[in-house]
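Colleague: Sequence first, then the predicted structure:
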Amino acid sequence: MPEVAAARSALPYDPATYKDPELVAQLRVRIARLADTIARPVKLMHICGTHEHEIGRYALRDLLPPSVSVLAGPGCPVCVCDNEYINLAIQLSLQPGVTVASFGDMLAVPGSIPLEGERRGDVRMSLLDARARGGDVRAVYSVFDAKKMAEANPEREVVFFSAGFETTVVAVAAMLRRGVPDNLSIIEANYYTPPATSLLPQLEGFDIEGFILPGHAVTITGLRVYDHLPALGIACASGGFEPVDVLASVASLLEQIEAGEPSVTNPYGRLVKWEGNERAKEELHEVFELAPMRWRGIAEIPASGYKLREPYWHASAARRFAGRLDPLALQGAEHPKGCRCAEVTLGQIRPNECGVFGTLCTPDSPYGPCMVSHEGTCRAWYAYGMHKESLRVELV
Amino acid sequence: MSNSSEATLAPPRGRSTSRYDTVRLAHGSGGKLTLELIEELFVATFSNEPLRELTDAAILANPGGRIAFATDSHTVKPAFFPGGDIGRLAVAGTINDLAVMGARPAYLSAAFLLEEGYDMEELERVVRSMKATADEAGVAIVAGDTKVLERGHGDGIFINTTGVGFLPDHVELGVAHVRPGDKVLVNGTLGDHGIAVMSRREGLDLAVELVSDVAPLNGLIDAVMQAAPGVRFMRDVTRGGLAAVANEVVLRQPFGLRVFDVAVPVHELVEQYSEMLGIDPMLSANEGKVLIIVAPEQAEAALGAMKAHPLGREAAIIGDIVRKPEGVALVETAYGSRRVLEMPIEEQLPRIC
Amino acid sequence: MCLGIPHQVVEVLDRDSCLIRLGGATQHCFVGLIDELHVGDWVVVHAGFAIDKIAPDDARANLELIERYLEPVGSDPLPSEGEPRA
């Protein structure tokens, strides 16, 4: 065992360990060796926007052998959030007396309500556009900030745009269980990923051999919810978010693939458990139940989203404001033509295979959701996706 | 500009030296209240000869040679933030624009757009802060203007400052002088201002104790120019952070700029808040930072001069100019991997993902 | 999918909340979903609440697992990339 690691393991936990360049270098060797043994191209997929972000930030794809690629799957809350919820948030923000509080992620995402009088062409309205047109839209760091906002402004209706996966929805559940002011409600736009991952292997041409599982979502749900994947021939490993974690997950997946024995391993075991956080799951399922949910551009998937249970319907914005909204506008128009975000999200095509990528659809004028979010696959490709060759440095 | 006659007079108030506790439309009407505001607040506080004359234009001495001329308008929410306020920001901003051209800032004008009802005591604090900042930089505020916008038609306070600086004959700075192999330096930790302001924004309940870096940099820049005449290019790092400046430098140029991730100084608190909120200190705003590109053999001299100055203690060499890739700003990580340092597009917001 | 950052608990306030250390300062954090929390524990925080804690035994086991994947640098030819650091 290397000395650095030996010294470190004397400490119970030190976050710096997982950023250690020495450990990264040693994991690279292992990955290169495994890739050599496998001796064919291997495609892996992560299903978490934060993985995409950290992989981009540390340029981790640069450290993998050319035969190993890591694609981004349906794990970016912005990319999978259906137009219905974005349109609902926009409409509510434009209602007198209503404040919409949202995570920053969702503010720039266009829904499907056309933006009138826009010179750039067929552009759809985002919450930022709604704000520019007088809507009351605030960015918050947590659902607790939205609650404080409701307490401080009893004369206003505060609507929290509850987007994201179980990591996020569980805090909403905990808050609702403990009681909230009457003027606070939520937009129920939380997604549950395992049913979508089960759908993937059924797609034509699906050739992903391993999943890096989303470390913080499975901290809540437990790894068990993915135990059906190895039977479908897919290797699985929990994924932490530091460079050492990501490379350890890749190494674990390659080991499984090399051995031809897909399973579910846990390289993020300092946080992730097989059964998850029992207490969190209890509170989550007391307040929410699984329901069919539309994934933007993909499909309606059974039991893939969280909706409030009946005792908590009073906190549902969709129910509370049903009479005050225009159902036609909620539905919106069709998704802009030419956008292939759904295929990108499912790993079927690469962003540059989409006809509008980089032309009609750029980060400063996004056409589809995958270009809006920093974690969106198209955005990440645009920002970080230059070929290795073009980033080869020559000094003089 | 809107104005109207005032029917009633507010009673004199405590802390404010004015008879009014808030700004009225008449303060911008050019009449008695305007004159009172100019004499009692602006002339009294900024206190210099050209301003005291109350002429239509300030008459100033000219040492000859080239002048640098810059203007900047300022709005910040909140107007008072940890470590500074809009007044200090407005003065330092224009001074820094002049100084990074190699000029010695000398004179400023200050134009105020105030919303009817703006707190008079707050205005006085802003004006005193402007004076203190100008004094710190050795610059005089010699001309001014005030307009009052009807309530609901402004956002409290906007300030425009315009500045004049004198450019020594030998100074020639610009991207055209930059060469591969040059070193890239900054005078300290990045992202402090952006996080300090974000920590005070509505809805973000952060118990952050970080202060903005807002400061006039002409003193520091002067010291660097003396120590390292081989400075090729300077720019103040403001909105859009390091990422914006790095991209501006390489735009359409036959060279690239490489930043070494681990060499970039970031305050521990900024780093941790940035991680928590999911934002990038390299894209976060600064108001007292300058990026300097210098010939490699003088990089250490420039660094030493910065470190000897109070506003440069945490200065660092953060990267270099490379021949290839051309026109690209890139980051090299602690692992030797590389990524493009993207030009920021929209304001950074806290994210969950 | 979800940002989460490890922080150390500096003070347990009540059943649902604690103060976490943040770069020399402290910050409130909701911890109502974690059993038995003590000062010095590490929790992973997502959007203002702790999703779980990192138990010392689990941390040790995690590191041991990762060490199994390590191989000494130089034992295998890696495609050489990049110049020596400046």
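Modeller: Looks like it arrived, so ask away.

Colleague: Just the strands from the chain, written as ranges.
Modeller: Unless you meant another one, I'm taking chain A. Taking DSSP state E as the test, the strands found in chain A are A:42-46, A:68-72, A:98-102, A:137-139, A:157-164, A:184-191, A:210-214, A:235-239, A:264-265, A:288-295, A:299-308.

Colleague: Sorry, I should have been clearer: chain C.
Modeller: Using DSSP E, strands in chain C cover C:5-12, C:17-22, C:25-30, C:42-46, C:49-54.

Colleague: Name the strands paired with the fourth one and say parallel or antiparallel.
Modeller: Which is strand C:42-46. strand C:5-12 (antiparallel), strand C:49-54 (antiparallel) (DSSP bridges).

Colleague: okay, those, which one's buried deepest?
Modeller: strand C:49-54 (a mean of 25; mean count of other Cβ atoms under 10 Å in any protein chain shown). For every residue, glycine as well, the C-beta is placed using N, CA and C.

Colleague: Quick check: mean pLDDT of it?
Modeller: Per-residue pLDDT values across strand C:49-54 average out to 96.

Colleague: residue of chain C with the smallest distance to chain A?
Modeller: In chain C, the residue found nearest to chain A is C:Gly48; the distance is 2.8 Å by Cβ to the nearest Cβ.

Colleague: what sits against the residue nearest to that residue when sequence neighbours are not counted?
Modeller: In space, C:Gly48 comes closest to A:Ser142 once its chain neighbours are excluded; the distance is 2.8 Å by Cβ to Cβ, 6 or more residues apart in numbering or on different chains. Listed by Cβ atoms under 8 Å, 6 or more residues apart in numbering or on different chains, the contact partners of A:Ser142 are A:Ala171, C:Phe30, C:Ala47, C:Gly48, C:Phe49.

Colleague: Take the residues you listed and write them to a markdown table, including distance to B:Ser284.
Modeller: Listed next are the contacts of A:Ser142 as a markdown table, based on distance: Cβ to Cβ, whole Å:
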| residue | distance to B:Ser284 |
| --- | --- |
| A:Ala171 | 26 |
| C:Phe30 | 26 |
| C:Ala47 | 19 |
| C:Gly48 | 20 |
| C:Phe49 | 24 |
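
Colleague: Tell me which two of those sit farthest apart.
Modeller: Greatest spatial distance among those (Cβ to Cβ): C:Phe30 and C:Ala47, at 9.5 Å.

Colleague: Leaving out the residues flanking it, which one is nearest to the residue in the stretch 151-300 of chain B positioned nearest to chain C?
Modeller: As assessed by Cβ to the nearest Cβ, chain C sits closest to B:Leu269 within the stretch 151-300 of chain B, at 3.5 Å. Among residues not flanking B:Leu269 along the chain, C:Gly23 sits closest, at 3.5 Å (Cβ to Cβ, 6+ apart).

Colleague: mind checking the end-to-end distance for stretch B:235-249?
Modeller: Terminal residues of stretch B:235-249 lie 9 Å apart, using Cα to Cα, to the nearest Å.

Colleague: State the mean pLDDT of that stretch.
Modeller: pLDDT averaged over stretch B:235-249 gives 96.

Colleague: what does stretch A:196-207 give?
Modeller: pLDDT averaged over stretch A:196-207 gives 85.

Colleague: Which residue ranges of the stretch 1-150 of chain B form strands?
Modeller: Using DSSP state E, counting those that start in this stretch, the strands of the stretch 1-150 of chain B run over residues B:66-74, B:80-81, B:84-85, B:104-115, B:140-149.

Colleague: so, in contact with chain B or not, stretch A:246-257?
Modeller: No: contact of stretch A:246-257 with chain B (Cβ under 8 Å from any Cβ of the partner chain) is absent, the minimum separation being 9.4 Å.

Colleague: List the contacts of that stretch.
Modeller: The set of residues external to stretch A:246-257 that reach it, using Cβ under 8 Å, 6+ apart, is A:24, A:27-28, A:30-31, A:34-35, A:38, A:42, A:44, A:51, A:54-55, A:60, A:63-64, A:68, A:70, A:209-212, A:235-240, A:262-263, A:265, A:267-268, C:65-66, C:69.

Colleague: Restrict that stretch to CA atoms and write it as PDB.
Modeller: Only the C-alpha atoms of stretch A:246-257 are listed here, as PDB (Å, rounded to 0.1, in the frame of the first residue of the first chain):
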ATOM      1  CA  VAL A 246     -15.100   9.000  -9.900                       C
ATOM      2  CA  LEU A 247     -12.000   7.100 -11.000                       C
ATOM      3  CA  ALA A 248     -12.600   4.400  -8.400                       C
ATOM      4  CA  SER A 249     -16.100   3.900  -9.700                       C
ATOM      5  CA  VAL A 250     -14.700   3.600 -13.300                       C
ATOM      6  CA  ALA A 251     -12.100   1.100 -12.100                       C
ATOM      7  CA  SER A 252     -14.800  -1.000 -10.300                       C
ATOM      8  CA  LEU A 253     -17.000  -1.000 -13.400                       C
ATOM      9  CA  LEU A 254     -14.100  -2.000 -15.600                       C
ATOM     10  CA  GLU A 255     -13.200  -4.800 -13.200                       C
ATOM     11  CA  GLN A 256     -16.800  -6.200 -13.400                       C
ATOM     12  CA  ILE A 257     -16.800  -5.900 -17.200                       C
END
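
Colleague: ok, the residue in chain C that chain B sits nearest to - how many residues close by?
Modeller: Closest approach between chain C and chain B, counting by Cβ to the nearest Cβ: C:Gly23, at 3.5 Å. Counted with other Cβ atoms under 10 Å in any protein chain shown, the neighbours of C:Gly23 add up to 20.

Colleague: on that earlier part again, what's the neighbour count on the residue of chain C closest to chain A?
Modeller: By the criterion of other Cβ under 10 Å, C:Gly48 has 19 neighbours.

Colleague: show me what contacts it?
Modeller: C:Gly48 sits next to A:Tyr141, A:Ser142, A:Val143, A:Phe144, A:Asp145, A:Ala171, C:His28, C:Cys29, C:Phe30 when contact means Cβ under 8 Å, 6+ apart.

Colleague: Then A:Leu395?
Modeller: Residues near A:Leu395 by Cβ under 8 Å, 6+ apart: B:Pro180, B:Gly181, B:Asp320, B:Val322, B:Arg323, C:Glu83.

Colleague: Now intersect the residues you listed with the strands, please.
Modeller: Applying DSSP E to these, the entries found in strands are B:Asp320, B:Val322.

Colleague: Now do the least confident helix or strand in chain C by mean pLDDT against strand C:17-22, angle only.
Modeller: Least confident element among the helices and strands of chain C, by mean pLDDT, DSSP states H and E: strand C:25-30 (a mean of 89). Regarding strand C:25-30 and strand C:17-22, their directions subtend 140 degrees when assessed with axes from the mean of the first three to the mean of the last three Cα atoms, to 10 degrees.

Colleague: Distance-wise, check the residue most central in space within chain A relative to A:Tyr192.
Modeller: Using Cα atoms, centre = their mean, the residue of chain A that lies closest to the mean C-alpha position is A:Cys76, 2.4 Å off. According to Cβ to Cβ, to the nearest Å, A:Cys76 and A:Tyr192 sit 15 Å apart.
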